[in-house]
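Colleague: structure for the following, please:
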Amino acid sequence: MAKHGKKYMEAVSKIDPTRVYLPHEAIDLVKQVSYSNFDGTVELHLRTTLDPRRADQQIRGVVRLPHGLGKPVRVLVFGAGEAARLAEEAGADFIISDDEGIQKIMDGWVDFDVTIAVPEMMRKVGRLGRVLGRRGLMPNPKTGTVVQPEDLKRVIDAEKAGRVEYRLDRSGNIHCPIGKVSFPSEQLLDNMTAVMDTIRRARPPAAKGLFVRRVTLAPTIGPGVKVDPAVALALEARF
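Modeller: Below you'll find the predicted structure:
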């Protein structure tokens, strides 16, 4: 069994292992038990009863966090002609419209956080599956990142405001950042609420009972705090 350091053990001592906390209590506690020397991220971890091997139990989507993630989001748009012009006007950080740009990514350039593509570029973008796919950066209609040119401004604005993707992993878990430790507790609760509200609404018809059976909040460096799953699932977004 791995041994933990003094700082970790001090942080753990602040958590009652017999309790599951209410969301606002857990957020306050996560801020206390974070001991990184940088502004860590608060992460939401959900253990579900869903079977990732079954197509009718897949869950994947995006959610806009009302208070963002506390960092600039670098947006790359694949588009040519009018689409490139609209993307530039909308504030895209990078625009790729030709094979030269595609090759640059194939050679290893990935200094961006989100990619958006117009449909006519997807044939070229498809060549980047091996590079972008494993980093979760591939444009996908299911996550709203393959859009018509007239929708570019709306999607770029949403991405820069803190639009994050969630998906069921191979172990039946969902992981999602909800902000920085330095955020006020109220903002972290708003962001958590947005995620939980979205996931509750995306519940697959095949899911039975309380399909989220464990909810944990944790800082980048520090122990996790258990949250009452029934209360977390009952949170309703106000934004």
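Colleague: what's the single longest helix in this protein?
Modeller: When the chain is parsed with DSSP state H, its longest helix is helix 185-201.
Colleague: centre of the chain to it, how far?
Modeller: Helix 185-201 sits 12 Å away from the centroid of its parent chain (Cα atoms, centre = their mean, to the nearest Å).
Colleague: pull the residues that contact whichever helix or strand comes after it.
Modeller: Counting by DSSP states H and E, the element after helix 185-201 in chain order, helix or strand, is strand 212-219. With Cβ atoms under 8 Å, 6 or more residues apart in numbering as the test, strand 212-219 has contacts from 26-27, 30-31, 33-34, 36, 40-49, 178, 181, 192, 199, 224-229, 232-233. For every residue, glycine as well, the C-beta is placed using N, CA and C.
Colleague: would you list the buried entries among these?
Modeller: Among the contacts of strand 212-219, the ones that count as buried by 16 or more other Cβ atoms under 10 Å are 26-27, 30-31, 33-34, 40-44, 46, 48, 178, 181, 192, 199, 224-229, 232-233.
Colleague: in helices only, show me the residues you listed.
Modeller: Those of these lying in helices (DSSP H): Ala26, Ile27, Val30, Lys31, Val33, Met192, Ile199, Pro229, Ala232, Leu233.
Colleague: I'd say the fifth one and Lys14 touch.
Modeller: Yes: the pair formed by Val33 and Lys14 meets the contact definition of Cβ atoms under 8 Å, at 5.6 Å.
Colleague: next up, the contacts around the residue sitting nearest the centre point of the chain.
Modeller: For the chain, the residue sitting closest to the mean C-alpha position, by Cα atoms, centre = their mean, is Val164 at 3.6 Å. For Val164, the contacting residues are Val62, Val63, Leu65, Leu69, Cys176, Pro177, Val195, by Cβ under 8 Å, 6+ apart.
Colleague: distance check, the fourth one against Asn191.
Modeller: According to Cβ to Cβ, to the nearest Å, Leu69 and Asn191 sit 8 Å apart.
Colleague: okay, the two: which has more neighbours?
Modeller: Using other Cβ atoms under 10 Å as the criterion, Leu69 and Asn191 rank with Asn191 on top: 30 against 20.
Colleague: cheers, nothing more for now.
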